[in-house]
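Enquirer: predicted coordinates and the sequence they were generated for:
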Amino acid sequence: MATTYLMDSNVLIDYAGRKFSRDVEEKLDSIFDEVFHYSIISRLEVLGYNAPANILQSLEEFLATGEMHDISEDIANQTILIKRPFPRIKLPDVIIAATALAHNHTLLTRNTDDFKNIPGLRLDNPWQW
């Protein structure tokens, strides 16, 4: 079974802003050419960014090509289970982690330290490829 990724906000923003090396960008291109996944939280973070209107429109068009996961009952329950033992992790990050767990995705993020102690969560960091 192929790895499916849930994109954290920082990956989406940096990919759209072409901030990766050419090699990493090519690998990400192959992921984004397939169906890519992201949380409603990442949508809010990415589109809530204070940027010029043309940049925000490009980001919105880019996100429209992926599959957004809303907060379902399963994700809410996963969030509660994660948040209790890790009260210092910010709620948006917990929801993103819960989304990855609920959908059996590997979380693609720069902020692996924020997520590394969450049991069962698979992480990958494209800045280390």
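Expert: Sure thing, it's come through.
Enquirer: so what's the residue count around the nearest residue to residue 5 once chain neighbours are set aside?
Expert: Among residues not flanking residue 5 along the chain, residue 108 sits closest, at 4.4 Å (CB to CB, 6 or more residues apart in numbering). From N, CA and C alone the C-beta is placed, and that goes for glycine too. Neighbour count of residue 108, defined by other CB atoms under 10 Å: 25.
Enquirer: got the contact list for residue 108?
Expert: By CB atoms under 8 Å, 6 or more residues apart in numbering, the contact set of residue 108 is 5-8, 11, 31, 124-126.
Enquirer: give me the beta-bridge partners of it?
Expert: Per DSSP bridges, the residues bridged to residue 108 are residue 7, residue 124.
Enquirer: could you report the pLDDT at the closest residue to residue 129 other than its chain neighbours?
Expert: Sequence neighbours aside, residue 24 is the residue nearest to residue 129 in space, at 5.0 Å (criterion: CB to CB, 6+ apart). With respect to pLDDT, residue 24 scores 95.
Enquirer: the one 5 residues further on now?
Expert: What the model reports for residue 29 is a pLDDT of 92.
Enquirer: report the buried residues of the lowest-mean-pLDDT helix or strand in the chain.
Expert: Ranked by mean pLDDT, DSSP states H and E, the helix or strand of the chain with the weakest confidence is helix 53-63, at a mean of 90. Neighbour-count burial for helix 53-63, counted by 16 or more other CB atoms under 10 Å, picks out 59, 63.
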